[in-house]
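K.L.:
coords please:
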Amino acid sequence: MKQTYEKSILLLLLLLLTVLAGCGRQTDSQADQEEEQEDRIQIGISFDSFILERWQRDRDVFVAAAQELGAEVNVQNANGDMEEQIAQVDYFIQKRMDVIVLVMVASGKDESRLTEAVERAQKAGIPVVAYDRLILNADVDLYISFDNGQVGRLMAEHMQEHLEGEGELLQVCGPLADYNVSQVMDGFSEVLAGSELRIVKTEYAEGWLGETGFAAAADYLQRYDQVDGIMCGNDSIAGNAIRALSERRLAGEVCVVGQDADLEACQRIVEGMQCMTVYKPVEKLARRAAELSVELAGGSRIVIGGSGRAPEASGKGTDVRDVVIRDTIYDGTYQVPYECLEPTAVTKENMDEEITGKYHEESDIYLNVRNH
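P.N.:
Down below sits the predicted model:
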């Protein structure tokens, strides 16, 4: 009996030691994981919203590219609310992100407060990247976007060619709170200067509300009965303007241009309802932004013409090195580093070359054409 009792005690002791050893290994494993997590670069990115198709694509490519480079990405959606975006910047500061990336809310409200939030982040040693939209007077560490002036020039050049240099135009732009809009308009006007193409009316889609395209086009046709061309701030606005044209059986008769190469825009182009869209390769933009964000997080310097802007090194990620940026842009107060990518005009003629199989699938682009 005594021997059996002693064996039971021994078995219990062995079981207890096994459990404790397992717990020890689990604790060590958890500690290793936590240490590895802390060592990884942490990027906070706040988007204006995901209403537009392209922002969802930007998000997915940026996150995938950053993860490939060993970084973790905390994605926030401001839902078009500047106050919410400011709160998200402060949250990123509190979470001690290594770099903050902002797609500024284009509301026209509280922009100076966003500038103050950027300053708070930089004072905390966190570099700030303005993605696609320039934050005015903020002295961000990097602005990365497309050549927005060229977007406007491509639109105007296409309309000039299509309308043979003369006609009356309606312009339905995005909100002036988005600095890109002014740049696009300047490029558009630059090409039209001295031509017989005349902008009769200009409307602005606050908050990039696509339905503004319908309201503006319908009102214009009510007043003037006829329009030769409609320059639209993006493809969502263009689609709504074409809806108004369809109600008067004018779709396909009026030269409508937009930007972003949304799938529905590409479908309208091959159907003959929209003339062109400006394709901005967001995969390239998002991937490059992720690469530069990781560089900044690791303490690398942005160098322009031999002079560097050096955020404090975090000791994470890449080796500290110089990253050469060609251009700068004036944000209203400061010259800030500007990584500028080139857009492309897309029409029915070059759709397959530029878009098919690269940005949208052939079966999706030609869905309505080949099913009728």
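K.L.:
what ranges does the stretch 51-200 of the chain have for its helices?
P.N.:
53-68, 82-94, 111-123, 148-162, 179-192 (DSSP state H, counting those that start in this stretch).
K.L.:
ok, Val278 - contacts?
P.N.:
Val151, Leu154, Met155, Val257, Gly258, Gln259, Asp260, Ala261, Pro343, Thr344, Ala345, Val346 (Cβ atoms under 8 Å, 6 or more residues apart in numbering). C-beta here means a position set from N, CA and C on the backbone, and glycine is covered the same way.
K.L.:
low-confidence ranges, the stretch 51-200 of the chain, go.
P.N.:
For the stretch 51-200 of the chain, the stretches flagged by pLDDT under 70 are 108.
K.L.:
should've said the stretch 251-372 of the chain
P.N.:
305-320, 371-372.
K.L.:
OK, contacts around Gln42?
P.N.:
Gln42 neighbours (Cβ under 8 Å, 6+ apart): Ala71, Glu72, Asn74, Lys95, Arg96, Met97, Asp98, Ala297.
K.L.:
still on that earlier bit, out of the helices of the stretch 51-200 of the chain, deepest packed?
P.N.:
helix 148-162 (a mean of 22; mean count of other Cβ atoms under 10 Å).
K.L.:
narrow the contacts of Val278 to those in helices?
P.N.:
Per DSSP state H, helices hold the following members of the contacts of Val278: Val151, Leu154, Met155.
K.L.:
got JSON lines for those residues, with distance to Lys109 too?
P.N.:
Listed next are the ones in helices among the contacts of Val278 as JSON lines, based on distance: Cβ to Cβ, whole Å:
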{"residue": "Val151", "distance to Lys109": "25"}
{"residue": "Leu154", "distance to Lys109": "31"}
{"residue": "Met155", "distance to Lys109": "28"}
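K.L.:
ok, those vs Leu292, which is closest?
P.N.:
Nearest to Leu292, judged by Cβ to Cβ, of these is Val151 at 21.5 Å.
K.L.:
how about the contacts made by that closest one?
P.N.:
Counted by Cβ under 8 Å, 6+ apart, Val151 has contacts Gln183, Val184, Gly187, Gln259, Val278, Lys280, Pro343.
K.L.:
mind running it again at 6 Å?
P.N.:
Neighbouring residues of Val151 by Cβ atoms under 6 Å, 6 or more residues apart in numbering: Val184, Gln259, Val278, Pro343.
K.L.:
what helix or strand is Asn240 on?
P.N.:
helix 235-247 (DSSP states H and E).
K.L.:
now that helix against helix 53-68, angle please.
P.N.:
If you take axes from the mean of the first three to the mean of the last three Cα atoms, to 10 degrees, helix 235-247 sits at 160 degrees to helix 53-68.
K.L.:
can you name every helix or strand that helix 235-247 contacts?
P.N.:
For helix 235-247, the packing partners by 3 or more Cβ pairs under 6 Å, 6 or more residues apart in numbering; DSSP states H and E come out as helix 211-224, strand 229-232, strand 255-259.
K.L.:
which residue comes closest to Cys255 once chain neighbours are left out?
P.N.:
Computed as Cβ to Cβ, 6 or more residues apart in numbering, the closest residue to Cys255 that is not its neighbour in sequence is Gly229, at 4.0 Å.
K.L.:
quick one, what contacts that neighbour?
P.N.:
Here Gly229 is in contact with Met159, Leu163, Gly167, Leu169, Cys255 (criterion: Cβ under 6 Å, 6+ apart).
K.L.:
got a list of what the fourth one touches?
P.N.:
Shown in contact with Leu169 (Cβ under 6 Å, 6+ apart): Ile199, Gly229, Met231.
K.L.:
is it true that Asp228 touches Gly167?
P.N.:
Yes. Between Asp228 and Gly167 there is a contact under Cβ atoms under 6 Å: 3.1 Å.
K.L.:
could you measure Asn137 against Ser112, distance?
P.N.:
Distance from Asn137 to Ser112, counting by Cβ to Cβ, to the nearest Å: 8 Å.
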